[in-house]
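Visitor: Sharing a sequence plus its predicted fold:
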Amino acid sequence: MSTVAHGVSNGLQRGLIEAKHKITNFGEIWGEIWPWVLGVVVMYFLRGNTFGDTGVSVGLLAAPGILGMAVLYTGMMGLSLELVTDKSDGTLLRMKAIPNGIVGYLTGKFVGRTMMTAVSLLLVSIPAAFLIDGLRLGDASAWARLGVFYLLGLLAVLPLGAIIGSLFGSLQGLGLLTLIIMGLVAISGIFYPITSFPGWLQVIGQLFPLYWLGLGMRSALLPDSALAAEISGSWRTLETAAALGVWAVIGLVLAPLVLRRMTRQATGASVTPEDPRVPAARAGAA
């Protein structure tokens, strides 16, 4: 076995072990899913409000978007936060000293985030199934479609998480980025149909993967009566797959370049004394 393959194998085992530990720890898994469970509860109380003349409740329209946000934040932001904290506490520097340690480290992080995102998605789906009428969670074809867009969404956002984690050197910087992402959430049709926004905002929203991830989730879980709230009255399945695919290609091309730059620059000078925020941040991302 080559040294690179050995690094990947070690990373795979490490990722599975870390994911198992986090998934079986109630505090850690709850830290991942509580915002999305809360979002589902809020949508339940909005079930009596309908969008326009569609007759479809706002809560039903928004519920799949919340699952899309869970993929974005658990995958992309979770990975970026782990990279930033591991740079600051010296973990990344220690991995650099091991042959193909960085390869194993990144493999483990990708595997761990993939598993955490899948489990988060499943756990959030449970209260959604009980609280929100109309979701197609009892349909096997809906789950198959959901799985496809989950994988495409992860391919689109995980490399972006690696890029963000490589470029940012502090938790404060990530905090600012979170505010920007929340602005994108507001115009991406997650909580309210994008067709209710001005045309120029619709164009901006469609430039980013969150809109397409949310659209893919809606196409899997919503009845056809919800099409009246979508652009062109269509789920645009091919466009959704293409858009997420383009973002995946962009991320997969840029991420190795940025990660190589990060590992070259990883030195003892980049390690900072751990402050109380770092363990808390790890608990939130774990």
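Guide: In hand now; what should we look at?
Visitor: quick one: contacts for the residue most central in space within the chain?
Guide: In the chain, the centroid-proximal residue (C-alpha atoms, centre = their mean) is residue 72; its distance is 2.0 Å. Listed by C-beta atoms under 8 Å, 6 or more residues apart in numbering, the contact set of residue 72 reads 153, 157, 181, 209-210, 213. In this view, the C-beta of every residue, glycine as well, is placed from N, C-alpha and C.
Visitor: contacting residues for residue 150?
Guide: 71, 117-118, 121.
Visitor: Which of those sits closest to residue 108?
Guide: residue 117 (14.8 Å; C-beta to C-beta).
Visitor: Quick one: distance of the helix or strand hosting that closest one to the chain centre.
Guide: Secondary-structure element containing residue 117, defined by DSSP states H and E: helix 101-131. How far helix 101-131 lies from its chain's middle: 9 Å, per C-alpha atoms, centre = their mean, to the nearest Å.
Visitor: Extract the C-alpha trace of stretch 8-15 and format it as PDB.
Guide: Output of stretch 8-15 as PDB, limited to C-alpha atoms (Å, rounded to 0.1, in the frame of the first residue of the first chain):
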ATOM      1  CA  VAL A   8      -6.300   7.800   3.400                       C
ATOM      2  CA  SER A   9      -7.000   4.500   5.100                       C
ATOM      3  CA  ASN A  10      -6.000   6.000   8.500                       C
ATOM      4  CA  GLY A  11      -8.100   9.000   7.900                       C
ATOM      5  CA  LEU A  12     -11.100   6.900   7.000                       C
ATOM      6  CA  GLN A  13     -10.800   4.900  10.200                       C
ATOM      7  CA  ARG A  14     -10.200   8.100  12.200                       C
ATOM      8  CA  GLY A  15     -13.200   9.800  10.700                       C
END
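Visitor: Identify the residue with the minimum pLDDT among the contacts of residue 72.
Guide: The lowest pLDDT within those belongs to residue 181, with 90.
Visitor: Can you give me the buried ones in the helix or strand containing that residue?
Guide: Per DSSP H and E: residue 181 is located in helix 171-186. Neighbour counts over helix 171-186 (16 or more other C-beta atoms under 10 Å) mark 171, 174, 181, 184-185 as buried.
Visitor: what's the closest of those to residue 263?
Guide: residue 174 (19.4 Å).
Visitor: excluding its backbone neighbours, what's nearest that closest one?
Guide: Leaving aside its chain neighbours, residue 174 sits nearest to residue 168 (5.4 Å; criterion: C-beta to C-beta, 6 or more residues apart in numbering).
Visitor: Hmm, residue 177 and that neighbour touching each other?
Guide: Yes: with contact defined as C-beta atoms under 8 Å, residue 168 counts as touching residue 177 (7.0 Å).
Visitor: For the protein, which helix or strand comes out least confident on mean pLDDT?
Guide: helix 277-285 (a mean of 45; mean pLDDT, DSSP states H and E).
Visitor: ranking the contacts of residue 150 by neighbours, who comes first?
Guide: Among the contacts of residue 150, residue 71 has the most neighbours (other C-beta atoms under 10 Å), with 29 neighbours.
Visitor: so it sits in a strand?
Guide: No: counting by DSSP: H, G, I helix; E, B strand; the rest coil, residue 71 is located in no strand; its state is helix.
Visitor: measure it to residue 52 for me?
Guide: 27 Å (C-beta to C-beta, to the nearest Å).
Visitor: next one: residue 6
Guide: With C-beta to C-beta as the criterion, residue 6 and residue 52 are 58 Å apart.
Visitor: These two: who's more crowded?
Guide: residue 6 (14 against 11).
Visitor: who touches the residue lying closest to the more buried one once chain neighbours are set aside in this structure?
Guide: With C-beta to C-beta, 6+ apart as the criterion, residue 6 has its nearest non-adjacent residue at 6.6 Å, and that residue is residue 100. Contact partners of residue 100, counting by C-beta under 8 Å, 6+ apart, are 3-4, 6-7.
Visitor: Over to residue 53?
Guide: Residue 53 is in contact with residue 228, counting by C-beta under 8 Å, 6+ apart.
Visitor: And it, its phi and psi?
Guide: According to degrees, to the nearest 10, the main-chain angles of residue 53 amount to phi -100, psi 10.
Visitor: so where do the strands sit in the stretch 1-150 of the chain?
Guide: Remark: no strands are assigned in the stretch 1-150 of the chain by DSSP state E, counting those that start in this stretch.
Visitor: For this protein, give me the ranges with low pLDDT.
Guide: Within the chain, the ranges that satisfy pLDDT under 70 run 1-2, 266-286.
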